[in-house]
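*Asks:* what's the 3D shape of this:
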Amino acid sequence: MAEKGQKKKLSEKSNQNLTKFIHEKTGLGRGSFTYTNADNGWHINVLDEVTNGYICTTKINSIRRVNKFFEAANEHLQNDQYLVINLETKDQRKKRILKKFPSLVSYPYYSLDFILKRVLPKTKHTRKVYFAITKGKNRVISLTEALGRLVSCGFEIVDYQVIGNLTYIISKKIRKPFFDMQPTYGAIVKLKRVGYKGRIFNVYKVRTMYPYSEYLQDYIFKLNALEEGGKFKNDFRTTSYGLFFRRFWIDELPMLFNWLKREMKLVGVRPLSKQYFYLYPKELQDMRIKTKPGLVPPYYADMPKGLDEILESERKYLESYRKSPISTDIRYFFLAFKNILLSGARSR
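*Replies:* Numbers count the residues shown, from 1 in each chain. Sure, this is the predicted structure:
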């Protein structure tokens with residue numbers, strides 16, 4: 001699609017802001033990019049030779065197979081070339097709908113819209129109903145999901161910005177896609193974690209983050225430091241209901257299945273993702289993989305603050321466990337529940 005067609009969809013001010021945003025983040029003008037769309041499917045429609053990247057003029061909300069489109073763009077681009085996309089985020093959509101109708105109508109309308117275009121696509125059987133009704137058009141997508149999909153398809157997030165009523169994301173190709181056929185999308189998620197003897201296993205949890213959040217750990221780590229408890233500061237990947245689930249450990253109930261499978265024990269260090277695991281000193285990494293991770297971590301017994309104190313807490317537990325495994329786990333179990341019941345210790 002020509003640039004002229006794009007300008008018709010944007011106000012003059014939005015056009016200026018988009019041009020400024022692209023130039024500030026890439027050092028390039030919009031004339032350095034090839035315009036493309038996905039109006040006729042997920043294929044890349046190439047009108048010219050690729051210059052420094054693509055600007056997609058179609059909202060990704062209306063691309064039926066979003067990842068296929070990103071993968072096709074990845075195939076046509078060289079490393080360090082750009083893909084610029086736009087979407088109406090979940091929050092922008094909610095604001096638009098609630099503003100469009102009187103409150104008596106807007107909230108029921110928004111609820112039905114959310115169920116149809118956000119809930120139905122999440123399971124295998126209801127997804128068929130969703131596609132039959134909507135043909136995959138105008139789906140609800142969170143900002144987090146859009147960012148995660150891009151990263152899973154081989155792109156690095158450069159930046160994003162709200163322009164007009166849409167959010168524009170600038171990304172840069174850095175590798176080939178993961179071609180992940182089983183991303184975490186449903187209510188129960190399987191998260192890859194480092195376990196006993198360094199083996200990677202799936203930890204089962206209730207979803208508390210938006211889909212594709214697992215691909216954004218490096219991105220979040222670059223943006224934000226760790227806060228007390230070893231979690232990321234200002235982690236926008238967590239949903240509002242996810243915060244509630246974490247506070248009362250509802251999200252961790254499916255981990256009992258890992259315990260029944262003997263992949264985890266009752267008390268032990270948290271199972272970590274690779275990204276977290278490699279933040280640890282090599283000595284502590286080696287200590288961790290000599291025992292199974294646990295459902296109740298030593299964190300609740302010691303209540304450390306910051307990464308250094310967490311590392312020392314785990315080191316102390318693992319050294320004690322090596323000498324006296326049974327008595328150590330019993331002691332830590334009761335210390336943890338004392339803090340939970342009397343001191344209000346909570347998960348985050």
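
*Asks:* end to end, how far does stretch 285-299 reach?
*Replies:* Distance between the boundary residues of stretch 285-299 (Cα to Cα, to the nearest Å) amounts to 17 Å.

*Asks:* which parts of that stretch are buried?
*Replies:* Buried residues in stretch 285-299, defined by neighbour count with 16 or more other Cβ atoms under 10 Å: 287, 288, 289, 291, 292, 293, 294, 295, 296, 297, 298, 299. Quick note: C-beta positions are derived from backbone N, CA and C, even for glycine.

*Asks:* against residue 264, how distant is the residue nearest the centre of the chain?
*Replies:* Nearest to the mean C-alpha position of the chain, by Cα atoms, centre = their mean, lies residue 213 at 1.1 Å. To residue 264, residue 213 is 22 Å away according to Cβ to Cβ, to the nearest Å.

*Asks:* circling back to that earlier point, now the residue nearest to the centre of the chain: phi and psi?
*Replies:* Backbone torsions of residue 213, given as degrees, to the nearest 10, read phi -60, psi -30.

*Asks:* returning to that earlier point: among the buried residues of stretch 285-299, name the ones in strands.
*Replies:* Mapping the buried residues of stretch 285-299 onto strands (DSSP state E) picks out 294, 295, 296.

*Asks:* what's the closest of those residues to residue 278?
*Replies:* For these, the closest approach to residue 278 (Cβ to Cβ) belongs to residue 294, at 20.4 Å.

*Asks:* report the contact partners of residue 176.
*Replies:* 74, 154 (Cβ atoms under 8 Å, 6 or more residues apart in numbering).

*Asks:* just checking, it is part of a strand?
*Replies:* No: per DSSP: H, G, I helix; E, B strand; the rest coil, residue 176 lies outside any strand segment and is coil.

*Asks:* quick one: distance of the helix or strand harbouring residue 203 to the chain centre.
*Replies:* Using DSSP states H and E, residue 203 sits in strand 200-206. Distance of strand 200-206 from the chain centroid (Cα atoms, centre = their mean, to the nearest Å) equals 15 Å.

*Asks:* next SSE downstream of it?
*Replies:* Sequence-wise, the next helix or strand downstream of strand 200-206 (DSSP H and E) is helix 217-223.

*Asks:* show me which positions of that following helix end up buried.
*Replies:* For helix 217-223, the neighbour count (16+ other Cβ under 10 Å) marks 217, 219, 220 as buried.

*Asks:* got the CA coordinates for the very next helix or strand once past that helix in PDB?
*Replies:* For helix 217-223, the following helix or strand on the C-terminal side (DSSP H and E) is helix 240-247. Extracted as PDB, the C-alpha positions of helix 240-247 are listed here (Å, rounded to 0.1, in the frame of the first residue of the first chain):
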ATOM      1  CA  SER A 240      -5.300  -7.400  37.500                       C
ATOM      2  CA  TYR A 241      -6.900 -10.700  38.400                       C
ATOM      3  CA  GLY A 242      -3.300 -12.200  38.300                       C
ATOM      4  CA  LEU A 243      -2.300 -10.000  41.200                       C
ATOM      5  CA  PHE A 244      -5.200 -11.300  43.200                       C
ATOM      6  CA  PHE A 245      -4.300 -14.900  42.300                       C
ATOM      7  CA  ARG A 246      -0.700 -14.500  43.300                       C
ATOM      8  CA  ARG A 247      -1.500 -12.900  46.600                       C
END
